[in-house]
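Novice: I need the structure of the sequence given here:
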Amino acid sequence: MKAVKQPRYGGGRSLTARRLLKSLRPEVQRPVFVIGAPRSGTSFLGQSLAALPSLSYHAEPPATKAAARSVYRGDWPFERARRFYRRVYRWLLRARLDGDRRLAEKTPRNAFIVPFLARAFPGAQFVHIIRDGRDAALSHSEKPWLAAEASESGGREPGGHRMGAHARFWVEAGREAEFEDEASDFRRCCWAWRRHVEAAREGLAALAPARRHTLRYERLARRPRAEADRLAGFLGEHGRRAQHALREAFEEGHARSVGRWRTALTARQRREAAHEMGALLRDLGYEEGAERPGGGPWTADRGG
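Specialist: Here you go, the predicted model:
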């Protein structure tokens, strides 16, 4: 996968008076939130949005990533949480002198706090990317984040949570011991996919269509240009330059990993996937033995 450079301070743009003034008091009324389960293409999608001249893209800011747990649990009153998020987003825009741009954030765990974000930012739009849970869990299991052997490493995610087989805030009450002591590494990844997708779908269902957009990871293999145009239209990006930039970004996906679960999963892992997320897979139309989109594998793996 071709690496995408992260925006640097100043972004290489000329410093105009308008840009400077906007950056002194940036507006965060209409953020774009990219959500989805880990290893579902959220990073690819976010980095593709970074190609749009009107957006200031930020990947998993540690402050808001850590705060999501407190918001989800109800530890913070609404107004306190709203002020915190607005301060963080304004700071991010100031740091890059991007006050003249619309903020876009990619943080998978935001899937669990869609109701809060939608209320705190009435003009916000949400883009949810969904990937076949078997491929997502397979890719996730190749990382140390939920691996039992990482439990004693002392390593932490950017949001502050310990790596390893520790029950996250999104594990259902009463099932923490099952998650930590009984589930395999792969099953924990299936669990993560199911919980993220369930939460995102539930939260988005309450929003008006103009505020939510769902992308299927696999459909990008068949028609990246069409999917880019759909997303651009949803975001109100009707200019030729913006549409071209998003099309080019979507077309960077390489054919590698759609349907990889078919040859990579063991019989036990297939049973675990069916047990943990089979009903949701079927509800989403991911049937056993379904044809791969476009007749071949495709990937947009860029870390999320």
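Novice: now tell me which helix or strand of the chain has the poorest mean pLDDT.
Specialist: Across the helices and strands of the chain, mean pLDDT, DSSP states H and E gives its lowest value to helix 17-24, namely a mean of 65.
Novice: immediately after that one, which helix or strand?
Specialist: Downstream of helix 17-24, the first helix or strand assigned by DSSP states H and E is strand 32-35.
Novice: export that following strand to PDB, keeping only CA atoms.
Specialist: This file holds the C-alpha atoms of strand 32-35, laid out as PDB (Å, rounded to 0.1, in the frame of the first residue of the first chain):
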ATOM      1  CA  VAL A  32     -16.900  14.800   9.900                       C
ATOM      2  CA  PHE A  33     -16.500  11.600  11.900                       C
ATOM      3  CA  VAL A  34     -15.100   8.500  10.300                       C
ATOM      4  CA  ILE A  35     -16.100   5.400  12.300                       C
END
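Novice: tell me what that strand is packed against?
Specialist: Helices and strands touching strand 32-35, by 3 or more C-beta pairs under 8 Å, 6 or more residues apart in numbering; DSSP states H and E, are helix 42-49, strand 102-106, helix 114-120, strand 125-130. Just so you know, the C-beta spots here come from the backbone N, C-alpha and C atoms, and that holds for glycine as well.
Novice: one more time with 7 Å
Specialist: Under the contact definition 3 or more C-beta pairs under 7 Å, 6 or more residues apart in numbering; DSSP states H and E, strand 32-35 sits against helix 42-49, strand 102-106, strand 125-130.
Novice: save the ones you listed as JSON lines, and put in distance to A177 and mean neighbour count too.
Specialist: Putting the helices and strands packed on strand 32-35 into JSON lines (distance: least, C-beta to C-beta, whole Å; neighbours: other C-beta atoms under 10 Å) gives the following:
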{"stretch": "helix 42-49", "distance to A177": "29", "mean neighbour count": "26"}
{"stretch": "strand 102-106", "distance to A177": "32", "mean neighbour count": "25"}
{"stretch": "strand 125-130", "distance to A177": "29", "mean neighbour count": "23"}
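Novice: nearest to A63, out of those?
Specialist: With C-beta to C-beta as the measure, strand 102-106 is the member of these nearest A63 (10.9 Å).
Novice: what angle separates that closest one from strand 125-130?
Specialist: On the basis of axes from the mean of the first three to the mean of the last three C-alpha atoms, to 10 degrees, strand 102-106 is oriented at 30 degrees to strand 125-130.
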